[in-house]
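1. Predicted model and sequence follow; I will ask about them next.
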Amino acid sequence: MTHRCMTSLIALALTSPLLAAVDPGAPVNCRTSKASTITHFWELSDSADCDTFGLRGYRPISLMGSFSDGVNRQPGSPAANHTALTVEPYQTSELIFQLSVRTKLAKGLLPSPAGTTDSLWFGYTQKSFWQVFNNRLSRPFRNTDHQPELIYAYPLDTALGDRWTLRYAGVSLNHQSNGQAEPLSRSWNRVILLAGMDNAAGTQINVRAWQRMPESIDNDDNPDIADFIGRAELSSLWSINERHSLGLTVRHNLRLSGRGAGTLDWTIKPRTTLNNPNAGLRYHVQLFSGYGDSLASYNFRRTAVRVGVSLVDW
């Protein structure tokens with residue numbers, strides 16, 4: 001056999017799909033490796049670890065038309081000098097724009113089970129309510145909420161029975177404010193405990209419970225905010241098929257008054273992206289009812305239907 005033929009055979013063998021499939025040195029795609037949805041989202045396993053300081057999606061990045069049964073035209077709070085002095089002619093129809101991103105700051109901070117890793121994240125969410133149809137007021141942004149947070153997630157991978165697995169537990173330091181001056185200033189800080197589980201069918205449940213950090217009377221813009229927005233939240237996500245998903249989020253104040261909110265989300269993956277596992281574009285229909293839709297109007301109850309598009313952890 002000539003030297004040229006030998007070289008050609010070696011090159012063919014090295015590039016064959018069969019050899020590449022079993023090559024132990026082949027790189028693992030952290031986005032498509034075999035793992036549960038929750039494991040991929042928080043990068044809880046070594047194979048799903050996309051390393052630090054890359055930009056990821058957090059909550060959906062959305063642009064949606066919102067049509068509601070009411071709007072708070074004179075926001076108020078029990079705190080002194082925190083009730084609007086005038087009534088604004090806001091419309092019940094508006095656009096909602098939400099931007100939400102996160103990045104992993106560190107990993108491997110504490111010992112964890114083999115093949116898993118803990119992680120520390122920074123997340124930021126901004127949600128704006130735009131009175132785009134309100135020509136009378138020159139189409140203003142009615143309110144914009146800012147929510148930076150620091151999140152620690154620890155992998156658990158604990159079997160719970162009936163094919164359910166507890167995937168992680170964690171804690172978050174969360175600040176939320178609307179960046180406005182009195183009388184519309186609203187803000188609070190929370191310590192949030194987190195946990196998430198899923199089953200073999202891909203259905204997931206996430207639980208959050210929080211304690212508000214105390215503030216002095218002089219600095220508290222909204223002393224009763226937890227009684228309206230709530231003190232705990234349960235969210236679930238069910239993938240009906242490869243295109244359709246349903247999500248349900250319920251918040252409760254854990255008091256007899258029973259205040260809080262519920263949100264139902266229906267997302268649809270476009271047919272043109274079915275062959276792309278990383279495509280994050282979704283058609284999005286949402287139903288919201290309750291308190292805390294926006295921070296300035298945390299104590300105003302309303303029901304709204306939204307339709308638009310969202311990007312989910314791209």
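-> Perfect, thanks for sending it. Being a predicted model, the structure only gives us computed values, none of them experimental.
2. gap between Ser310 and Ile268?
-> Remark: distance between Ser310 and Ile268 (Cβ to Cβ, to the nearest Å) = 10 Å. Placement of C-beta: from N, CA and C, glycine included.
3. do the same with Asp313
-> For Asp313 relative to Ile268 (Cβ to Cβ), the value is 16 Å.
4. give me the element the spatially closest residue to Arg208 that is not a sequence neighbour is part of.
-> Take Arg208 and drop its neighbours on the chain: the residue closest to it by Cβ to Cβ, 6 or more residues apart in numbering is Glu233, 4.6 Å away. Take DSSP states H and E as the rule and Glu233 turns out to sit in strand 232-239.
5. In its sheet, which strands sit next to that strand, and in what direction?
-> strand 204-212 (antiparallel), strand 244-252 (antiparallel) (DSSP bridges).
6. Need the residues touching each of Ser310 and Ile268.
-> Arg282, His284 (Cβ atoms under 8 Å, 6 or more residues apart in numbering).
7. Pick out whichever of these two has more residues nearby.
-> Set Ser310 next to Ile268 and count neighbours by other Cβ atoms under 10 Å: Ser310 wins out with 21 against 15.
8. where's that one relative to Leu234, distance?
-> Counting by Cβ to Cβ - Ser310 and Leu234 are separated by 21 Å.
9. before we move on, what about Leu166?
-> 15 Å.
10. Please apply the same query to Asp313.
-> Counting by Cβ to Cβ - Asp313 and Leu234 are separated by 20 Å.
11. neighbour-wise, which of those two wins?
-> Between Asp313 and Leu234, Asp313 has the larger neighbour count (other Cβ under 10 Å), namely 17 against 14.
12. In contact with that one, which residues are there?
-> Phe41, Arg56, Gly57, Tyr58, Gly280.
13. I'd like to know which of those residues are buried.
-> Phe41, Arg56, Gly57, Tyr58 (16 or more other Cβ atoms under 10 Å).
14. Assign the residue nearest the centre of the chain to helix, strand or coil.
-> What sits nearest the mean C-alpha location of the chain, by Cα atoms, centre = their mean, is Arg59, with 2.5 Å. Under DSSP: H, G, I helix; E, B strand; the rest coil, the three-state class of Arg59 is coil.
15. Give me the nearest residue to it, chain neighbours excluded.
-> Ser100 (3.8 Å).
16. buried sites along stretch 200-208?
-> For stretch 200-208, burial by neighbour count (16+ other Cβ under 10 Å) applies to Thr203, Gln204, Ile205, Asn206, Arg208.
17. Send over that stretch as PDB, restricted to the C-alpha atoms.
-> Taking C-alpha atoms only, stretch 200-208 is exported to PDB below (Å, rounded to 0.1, in the frame of the first residue of the first chain):
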ATOM      1  CA  ALA A 200     -40.200  12.300  33.600                       C
ATOM      2  CA  ALA A 201     -42.700  13.900  31.300                       C
ATOM      3  CA  GLY A 202     -41.000  17.300  31.500                       C
ATOM      4  CA  THR A 203     -43.600  19.000  33.700                       C
ATOM      5  CA  GLN A 204     -41.900  21.300  36.200                       C
ATOM      6  CA  ILE A 205     -42.900  23.100  39.400                       C
ATOM      7  CA  ASN A 206     -41.000  25.900  41.100                       C
ATOM      8  CA  VAL A 207     -41.700  27.300  44.500                       C
ATOM      9  CA  ARG A 208     -40.500  30.700  46.000                       C
END
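18. So for that stretch, mean pLDDT?
-> Model confidence over stretch 200-208 averages 94 on the pLDDT scale.
19. Same check on stretch 99-107?
-> 98.
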